[in-house]
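Student: how does the following fold in three dimensions:
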Amino acid sequence: MALVVQKFGGSSVADAASIQRVARRVVATKEAGNDVVVVVSAMGDTTDDLLDLAAQITDDAPAREMDILLTAGERISMAVLAMAIDKLGVKARSYTGQQAGLRTDTRYGKASIVGVVPERVSRAIKDGQVAIVAGFQGVNELNDVTTLGRGGSDTTAVALAAALQADVCEIYTDVDGLFTADPRIVPSARRIERITYEETLEMAAQGAKILHLRAVEYARRYKVPLHVRSSFSYKEGTWVTDAPVDAPAEEEAMEAPIISGVAHDRSQGKITVVGVPDVPGTAAHLFEVVAAADANIDMIVQNVSSGATGLTDISFTLPEADGPATLAAIEAARGQLRFTELRYDDQIGKLSLVGAGMRSHPGVSAKLFGALSAAGVNIEMISTSEIRISVVTRAQDLDPAVRAVHTAFDLDAEESEAVVYGGTGR
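Tutor: This is a model prediction of the structure:
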């Protein structure tokens, strides 16, 4: 008997028919002899609808009240799914994040999990019931409800799987696993059968939306095997573990890197601080201001000083949602930073090539830049790591850039196998 944690995203529980389909899948897993814990997201666009509702009331809602509002969506899903499972003859109990023992810090809207004590969930399992947990939420030391940020249901599922020592955490979405690129942009994308935590982290960090970044980090830390599958089919999906990616023969692997896929992100903005003094400490002061604004920085480029003026420019990318607050914080520090101009560009896109052995194979960079050049795509910024090369382009160039790079690295499937069942990718 295995303990299986199953997480179903919003597209998988979008309506009554979808919830009934999920219930049948959960019951089948249970009847196969497994203990089952289910984590659910809000139905379809419920979270967006709740955000729109709040926006009609105020443009400055208290963070605590927003968290209470937004957790309502998952509570609806968990209760209705419990009813559907019960109707199929299997006992099920639903629990909020608080009831399931997910403890968080006090950062409303972006809370981090600090502990999991799933006593009630464990009792439900012992009693032979299916435990259904509302994703995306927990409770802080003030006994206030908190949310984990968008995509946080993945993190809920992995955290519960780790605490319960589950055999696997299955992440159900509306595509048949992780693909070498977004099937909406590259219909010829191939399904990845196995991939390491590290490569999946890079894919998630660079814009691949099937798995939440924090969930992958949690899975790697606690060695939780992840199985990414579609709730609309029974195909095998993608396994995310410590095991190496399906690799070529050893002698071939010594000569060629293993390219896992192409990720993209169109939700970033670029801030350029023009004319800052080119002296020690300037960059440190700038990014102290940025850190105080709670912005997540990705790529950074500092231009070479002209020498004659003693001034330089510093550009960096960040999530578009962090742009307004970060710009305001930098502007407020103009007197200390002594820059001449502040620019913001939200019409950028980021493309990332992810795979093992990138840095030790200079031919990878040449092929990447050659493919972009042939597609007429200009590069504005470049960043690299051991298993990733990222570039920033114009937003309108991102889709053709992804297709060009995907083809250049022979990632296209001979026959298209990428199917987007629900249309959202989650």
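Student: go through stretch 388-403 and flag the buried ones.
Tutor: 388-393, 397-399, 401-403 (16 or more other C-beta atoms under 10 Å). Where C-beta positions appear, they are placed from N, C-alpha and C, glycine not excepted.
Student: which ones among the residues you listed map onto helices?
Tutor: 398-399, 401-403 (DSSP state H).
Student: and of those, the nearest to Trp239?
Tutor: Val402 (24.3 Å; C-beta to C-beta).
Student: what's near enough to touch Thr47?
Tutor: 10, 70, 73, 150 (C-beta atoms under 8 Å, 6 or more residues apart in numbering).
Student: and of the residues you listed, the nearest to Val216?
Tutor: Arg150 (15.1 Å).
Student: what number of residues lie near Ser352?
Tutor: A count of nearby residues for Ser352, using other C-beta atoms under 10 Å, gives 24.
Student: re the thing from before, so which of the ones in helices among the buried residues of stretch 388-403 is the closest to Ala371?
Tutor: For those, the nearest to Ala371 is Ala401 (8.2 Å; C-beta to C-beta).
Student: from Arg403, how far off is the residue lying closest to that closest one once chain neighbours are set aside?
Tutor: Using C-beta to C-beta, 6 or more residues apart in numbering and skipping the chain neighbours, the partner closest in space to Ala401 is Val377 (4.6 Å). Applying C-beta to C-beta, to the nearest Å, the value for Val377 to Arg403 is 11 Å.
Student: for Ala79, same thing?
Tutor: 43 Å.
Student: next: Val80.
Tutor: 40 Å.
Student: and what of Leu160?
Tutor: Relative to Arg403, and taking C-beta to C-beta, Leu160 is found at 38 Å.
Student: now swap in Leu372 and tell me
Tutor: From Leu372 to Arg403 the distance is 11 Å (C-beta to C-beta).
Student: tell me, how many residues neighbour the residue lying closest to Ser267 once chain neighbours are set aside?
Tutor: Once flanking residues are discounted, Ser267 sits nearest to Glu320: 5.2 Å by C-beta to C-beta, 6+ apart. Residues lying near Glu320 (other C-beta under 10 Å) number 16.
Student: so Glu320 touches Gln268, yeah?
Tutor: Yes - judged on C-beta atoms under 8 Å, Glu320 makes contact with Gln268 at a distance of 6.0 Å.
Student: show me where the stretch 301-426 of the chain has strands.
Tutor: Residue ranges of the strands in the stretch 301-426 of the chain, as given by DSSP state E, counting those that start in this stretch, are 311-319, 341-345, 348-356, 381-385, 388-394.
Student: now, of those strands, which is deepest in the fold?
Tutor: Highest mean neighbour count among the strands of the stretch 301-426 of the chain (mean count of other C-beta atoms under 10 Å): strand 348-356, with a mean of 25.
Student: what about dumping the CA coordinates of it to CSV?
Tutor: Presented in CSV, the C-alpha positions along strand 348-356 are these (Å, rounded to 0.1, in the frame of the first residue of the first chain):
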residue,chain,number,x,y,z
ILE,A,348,10.2,42.5,-22.7
GLY,A,349,10.3,38.7,-22.8
LYS,A,350,12.8,36.2,-21.4
LEU,A,351,13.8,33.0,-23.1
SER,A,352,15.8,30.3,-21.3
LEU,A,353,17.6,27.2,-22.6
VAL,A,354,17.9,24.6,-19.8
GLY,A,355,20.0,21.5,-19.7
ALA,A,356,23.0,19.7,-18.1
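Student: partners of that strand, with directions?
Tutor: Under the criterion DSSP bridges, strand 348-356 sits next to strand 258-265 (antiparallel), strand 388-394 (antiparallel) in its sheet.
Student: model confidence at Gln206, what's the number?
Tutor: As predicted, Gln206 sits at a pLDDT of 74.
Student: do you know how far Thr106 is from Arg403?
Tutor: 44 Å.
Student: how about the most centrally placed residue in the chain, what does it touch?
Tutor: Nearest to the mean C-alpha position of the chain, counting by C-alpha atoms, centre = their mean, stands His212 at 2.8 Å. Counting by C-beta under 8 Å, 6+ apart, His212 touches 151-155, 204.
Student: if we use 6 Å, what do you get?
Tutor: The contact partners of His212, taken as C-beta atoms under 6 Å, 6 or more residues apart in numbering, are 151, 154-155.
Student: which of the contacts of Thr47 scores worst on pLDDT?
Tutor: Among the contacts of Thr47, Arg150 has the lowest pLDDT, at 76.
Student: that one is in what secondary structure piece?
Tutor: Assessed by DSSP states H and E, Arg150 sits outside every helix and strand.
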